[in-house]
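Colleague: Starting from these lines, generate the structure:
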Amino acid sequence: MPTLTIIAHIHAHQDHIDTVKAALIKLIDITRSEVGCVNYDLHQDNENPAHFVFYENWQSRELWRDHMENQHLKDYMSETEGKVAAFTVHEMSNIA
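Modeller: The predicted structure follows:
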């Protein structure tokens, strides 16, 4: 079964960059310990510090969907409500 790659773009409001960054960092260790998580890596744009990208790989789409329902994701959403300008998720497959 091929892995699922997730590319998630998070754009914080300029006045909430540090808050959003701290909330994203809190997700890393707990998510990396989840069943099915292959990698969960956070990046910050060098030119635009309000732009964060998660590069993730999961053993299956089902396990990623389970991740999205976990309490720590719900807590993150509450903590960053009104502080994120845009959030997009791309589900991708490795082709080569």
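
Colleague: in this structure, which spans are helices?
Modeller: Ranges of helices within the chain are 17-32, 61-68, 71-80, based on DSSP state H.

Colleague: For the shortest one, buried residues please.
Modeller: Taking 16 or more other Cβ atoms under 10 Å as the basis for neighbour counts, the residues of helix 61-68 that come out buried are Arg61, Leu63, Trp64, His67. Yep, even glycine has a C-beta here, placed from its N, CA and C like the rest.

Colleague: Please list all residues in contact with the residue nearest the centre of the chain.
Modeller: The residue lying closest to the centre of the chain (Cα atoms, centre = their mean) is Phe54, at 4.5 Å. If a contact means Cβ atoms under 8 Å, 6 or more residues apart in numbering, then Phe54 has Ile6, Ile7, Ala8, Ile10, Leu24, Tyr40, Asp41, Leu42, His43 as its contacts.
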